[in-house]
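Novice: Fold the stuff below for me.
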Amino acid sequence: MLAAAFTMCAAGDTVVALDAVTVQGQSRHDYQMRSSQSGILVSRDFMENNLAGSLMQTLEGIPGIRAMSIGSGQSKPIIRGLGFNRMVVTEDGIKHEGQQWGDDHGLEIDQFAIDKAEVLKGPAALLYGSDAIGGVLNLYTNHVPTKTFEGSAQIFGRSNNEQLGMSAKIGGRHGRFFYRANFTLVDYADYKVPTDSIQYYSYYIRLDNQRLRNTAGTECDGSVMLGYAGYNFHTDMRVSDSYSKSGFFANAHGLEVRMSDIDYDSSRRDISLPYQWVNHLKVLSHTTWRNDILDLEFNMAYQNNVREELSEPVSHGYMPKPDESLERRFNKSTWTANMKSRYQLTDSHELSMGFGCEHQNNKRSGWGFIIPDFRSTSFGVFVADRYTINDNLIVNAGVRYDYAHTNISGYEDWYKTPVSAVDSVYKQRSATMTRNFNSFTWSAGINYSVGRWVLKANLGKSFRMPIPKELGADGVNYHIFRYERGNATLDPEVSYQIDAGINWSNDVLTIQIDPYLNYFPNYIYLNPTSDYVEGLQLYEYNQAKVLRCGFEAQVDYDIDCHWKTQLRGEYLFARQLSGMKKYYTLPFSTPWSIDADVKYSFDWHGSCFASLNAHIVGAQNDIVPPEKPTEGYWTLNASLGKRMHMGKTELKFAIHADNLLNKRYYNHTSYYRLIDVPEPGRNVSFMLGVDF
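Specialist: The predicted model follows:
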């Protein structure tokens, strides 16, 4: 996205300043007119300059995007307050399939392998099917090398958890054939919070040197790509593997510190019980063919996600002490194929069609139960038309049909539970069931450009099929400190949403406002109750009518060729219109927030810069009992970056500091908030890299 800004730096001097973000040569106006949905393109430069502990923490500065942090090395994406199975993450055209329902692990994707990212906000079921209610995060790792040999390398770290890591990427092109490979290794220690103690129910727990015990971890990622890039035909195959191992905060997972002989404070880099490890293998094939009037794209993938949770075996309730430490294991295999085509019927009409199918098989093991085994098969087909009335007025519309078949296996405890003074049974946690779901969805939108204004609106229906956890869960989730119970009668979730976009810009000022209104006739949510099961608060899945509305706003002002300022904010209102919690909001609703940035570039092309950010978050008093309110807070953050060219080699250095004043605050969307754990204290990240 090359946006030229002509600015007077001194009397009589005119300089052309170019944004660092590049988007396939499109102008800012062209990208705004490309889709009637709100979208943001993110370059590799942005991700390097804002490098944080995880991919979503790096992208968190984008309006409407939030990261639900999990310990010190993991985080999950949230778009407009919706996450987990209400948003889709794709990698090179394939939906990323892990154990998305889990709150305690992040995306199994190497952020250093990503060349660029795109965030689509709002319903996107027309193109992406089930789950794309909140939006889509598209990740691209398929850059085609242009040299015989090229690459990059980085070393990086963070101060709070003493993270150290390195990443390297190489590639090359020989004629029309090319290859790429990358490798990343990360290791981090227990992270620090600005408090000496926390409260878990009625227990006050002292922290050693303000560190959360057993939150250390390690990550190892690698991938190889081989491909052919012709003028009309392109094909490539990529094999990637992502492995991570991280500890659970020992004082939370069943209060292990009180019952364990492990010396959790002996080393801040040890990973002791309880801990988890996750491995995600992905084999992906991407093929395109195009001519002047027709584009064809075909993607196939196999994914295998294996996750294990291990903890010290202890007796619990009627469960005797197990013989091993494997509490839970999930092994999920996914086969995916999709095809899309774009046909230029006339100069004005562009017709798009596509279909996709997916098969999943997820098996569990271990002595702890939370979700049952399941198999699911789904397919979808869509057709859409984009009609260009003139260069300044474009309309689009489309329809889609999806069908899914889900089979859930029953499960009974491996131990007996007394039901009377003389009798005991193997308690059934989940019943065998088969559910079939289908849905018609549609979308229509308009883009209009007049003068310096770009106006757009989109109206659409999205849906989401209930996942097996929502249908059949029945067990303790220690990491989130609650007992969860599913609901076998849930219907597919439906969403109707209106999105609008208002953009005005000149050479120095850009204003963007994105309001939205969202109505769910049958929103699925985990309802906190006042009951307790096996010593933990009971949460049950229910459905209710829900209204959500909000907006994101952003103002960019270039003072001169050196100074730039930005003000951005977001607000979300949610209300249940039926059910047991009628007139209450939704659990873990995000509060309003404002970010104010000022950036100084030491040279006109921005190769050396310094920036300061104030992040302000409002109090969240709009809660669902027995949820607790969260106070508002603000943090001061800073960044510094430098790029130097030495012939064909580019050296890069970046520093990013979060919470400079080491303030103590709580994130309302973090499940650690439930046990009085504040967010990390002062945290300085650095990156030193070279491109060659």
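Novice: any idea which residue sits dead centre in the chain?
Specialist: When the chain is reduced to its mean C-alpha position, the closest residue under C-alpha atoms, centre = their mean turns out to be residue 77, at 2.3 Å.
Novice: Helices of the stretch 351-500 of the chain, start to end?
Specialist: In order along the chain, the stretch 351-500 of the chain carries the following helices (DSSP state H, counting those that start in this stretch): 468-472.
Novice: wait, is residue 36 part of a strand?
Specialist: No: inclusion of residue 36 in a strand is not indicated when DSSP: H, G, I helix; E, B strand; the rest coil is applied; the result is coil.
Novice: Which pLDDT value does the model give it?
Specialist: The predicted structure scores residue 36 at 76 on the pLDDT scale.
Novice: Next, count neighbours for the closest residue in space to it that isn't next to it in sequence.
Specialist: Spatial nearest neighbour of residue 36, chain neighbours left out: residue 445 (2.6 Å); criterion: C-beta to C-beta, 6 or more residues apart in numbering. Bear in mind the C-beta positions are built from the backbone N, C-alpha and C, glycine included. Applying the criterion other C-beta atoms under 10 Å, we find 22 residues in the vicinity of residue 445.
Novice: correct me, but residue 445 touches residue 458?
Specialist: Yes: counting by C-beta atoms under 8 Å, residue 445 touches residue 458, with 3.7 Å between them.
Novice: Report the set of residues contacting both of the two.
Specialist: Where contact means C-beta atoms under 8 Å, 6 or more residues apart in numbering, the residues bridging residue 445 and residue 458 through contact with each are 36, 37.
Novice: which residues touch the residue lying closest to residue 590 once chain neighbours are set aside?
Specialist: Nearest non-adjacent residue to residue 590, counting by C-beta to C-beta, 6+ apart: residue 81, 4.6 Å away. Shown in contact with residue 81 (C-beta under 8 Å, 6+ apart): 66, 134, 548, 550, 572, 574, 586, 589, 590.
Novice: show me what contacts residue 101?
Specialist: For residue 101, the contacting residues are 84, 85, 371, 467, 469, taking C-beta under 8 Å, 6+ apart as the criterion.
Novice: top of the residues you listed by neighbour count?
Specialist: Using other C-beta under 10 Å as the neighbour test, the contacts of residue 101 are led by residue 371, with 27 neighbours.
Novice: Report pLDDT for it.
Specialist: Reported pLDDT at residue 371 in the predicted model: 90.
Novice: Quick check: phi and psi on residue 35?
Specialist: Residue 35 adopts backbone torsions of phi -140, psi 150, taken as degrees, to the nearest 10.
Novice: In the chain, where is pLDDT below threshold?
Specialist: Using pLDDT under 70 as the threshold, the predicted model of the chain has low-confidence ranges 1-31, 70-73, 201, 253-259, 478-479.
Novice: Tell me the spacing between the residue nearest to residue 36 and residue 463.
Specialist: Note on residue 445: its distance to residue 463, by C-beta to C-beta, to the nearest Å, is 18 Å.
Novice: likewise residue 267?
Specialist: According to C-beta to C-beta, residue 267 and residue 463 sit 49 Å apart.
Novice: The two - which one has more neighbours?
Specialist: Neighbour comparison, residue 267 and residue 463: the larger count goes to residue 463, with 22 against 12 (by other C-beta under 10 Å).
Novice: Which residue is the nearest non-sequential neighbour of that one?
Specialist: The spatially closest residue to residue 463, leaving aside those adjacent along the chain, is residue 439, at 4.3 Å (C-beta to C-beta, 6+ apart).
Novice: Now do the contacts for that neighbour.
Specialist: With C-beta under 8 Å, 6+ apart, residue 439 has these contacts: 130, 401, 402, 463, 465, 492, 494.
Novice: List just the nearest of those residues to residue 431.
Specialist: Distance ranking of these against residue 431, using C-beta to C-beta, places residue 465 first at 18.6 Å.
Novice: neighbouring contacts of stretch 309-322?
Specialist: Contact partners of stretch 309-322, identified using C-beta under 8 Å, 6+ apart, comprise 248, 253-254, 256, 259-260, 262, 273-276, 323-329, 366-368, 413, 415-418, 476, 478, 534.
Novice: Which parts of the stretch 151-300 of the chain are strands?
Specialist: 163-174, 177-188, 197-200, 203-206, 217-229, 233-247, 275-290, 294-310 (DSSP state E, counting those that start in this stretch).
Novice: Show me what the fifth one is in contact with.
Specialist: Put plainly, it is strand 217-229. Outside strand 217-229, the residues that reach it (C-beta under 8 Å, 6+ apart) are 71-74, 110, 112-113, 141-142, 144, 165, 173, 176-188, 234-247, 271.
Novice: Make a ChimeraX selection of the buried ones in the residues you listed.
Specialist: In ChimeraX, a selection of the buried entries from the contacts of strand 217-229 looks like this (16 or more other C-beta atoms under 10 Å):
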select :71,72,73,74,110,112,113,141,142,144,165,173,178,180,181,182,183,184,186,187,188,234,236,238,240,241,242,243,244,245,246,247,271
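Novice: circling back: surely the residue nearest to the centre of the chain touches residue 138?
Specialist: No: Residue 77 lies out of contact with residue 138 (C-beta under 8 Å); the separation is 11.8 Å.
Novice: thinking again about what came up before, narrow the contacts of residue 81 to those in helices?
Specialist: Using DSSP state H, no member of those falls within helices.
Novice: Can you tell me which of these is closest to residue 202?
Specialist: The shortest separation between residue 202 and any of the contacts of residue 81 is 27.2 Å, and it belongs to residue 589 (by C-beta to C-beta).
Novice: Would you mind stating the distance between that closest one and residue 548?
Specialist: With the distance defined as C-beta to C-beta, residue 589 ends up 9 Å from residue 548.
Novice: Residue 528 now?
Specialist: Per C-beta to C-beta, residue 528 is found 19 Å from residue 548.
Novice: swap in residue 644?
Specialist: Using C-beta to C-beta, we find residue 644 at a distance of 47 Å from residue 548.
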